[in-house]
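Student: Need a 3D model of the following:
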Amino acid sequence: MAGQSIEQLRALCGGPRDGALLRFALGSALLANGECVAAAAELQRATQMDPRYSAAWKLLGRALVEAGDPAAARDAWNDGVAAAKRVGDVQAQKEMQVFLKRLEKTGDDATRT
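Tutor: Numbers count the residues shown, from 1 in each chain. Predicted coordinates for the structure are as follows:
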């Protein structure tokens, strides 16, 4: 089922409905399917399309951690904290700050609870 959803989302990319929300949904589906690198690429596109999309920054960091790139995750979360501040998304800002602290303490295990 996830594969079908992923293919349906991919079919919309490049069309009139393409945008940050579509790329976020695709990245989220890919991450849920264990495709961390592909998820990170789509989430990066989402943040490029809408640099203020704090949820995309948050999920991008998680995808990068799961893909084995904690340094890039740190950068994404730092950018995400700045984006969240700009739009007043206090909850996302706090969550990413927690992830950053966990990353400092435990290496790449930042998104586990």
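Student: Figure out how far the helix-or-strand element of the chain with minimal mean pLDDT is from the centre of its chain.
Tutor: Using mean pLDDT, DSSP states H and E, helix 2-12 stands out as the lowest-scoring helix or strand of the chain, at a mean of 87. Put simply, helix 2-12 sits 18 Å off its chain's centre (CA atoms, centre = their mean, to the nearest Å).
Student: Give the other helices and strands that the next helix-or-strand element following that helix contacts.
Tutor: The element immediately downstream of helix 2-12 (helix or strand, assigned by DSSP states H and E) is helix 20-32. Helix 20-32 sits against helix 2-12, helix 36-49, helix 54-66, with contacts defined as 3 or more CB pairs under 8 Å, 6 or more residues apart in numbering; DSSP states H and E. C-beta coordinates here come from the backbone N, C-alpha and C atoms, glycine included.
Student: so which of those comes closest to R23?
Tutor: helix 36-49 (3.8 Å; CB to CB).
Student: so G80 makes contact with L60?
Tutor: Yes: counting by CB atoms under 8 Å, L60 is a contact partner of G80 at 7.3 Å.
Student: Could you check stretch 48-57 and say which residues are buried?
Tutor: Within stretch 48-57, the residues scored as buried using 16 or more other CB atoms under 10 Å are M49, D50, P51, Y53, S54, A55, A56, W57.
Student: again with stretch 59-79
Tutor: For stretch 59-79, by 16+ other CB under 10 Å, it's 59-67, 69-70, 72-74, 76-77, 79.
Student: Need the mean per-residue confidence for it.
Tutor: The pLDDT scores in stretch 59-79 average 97.
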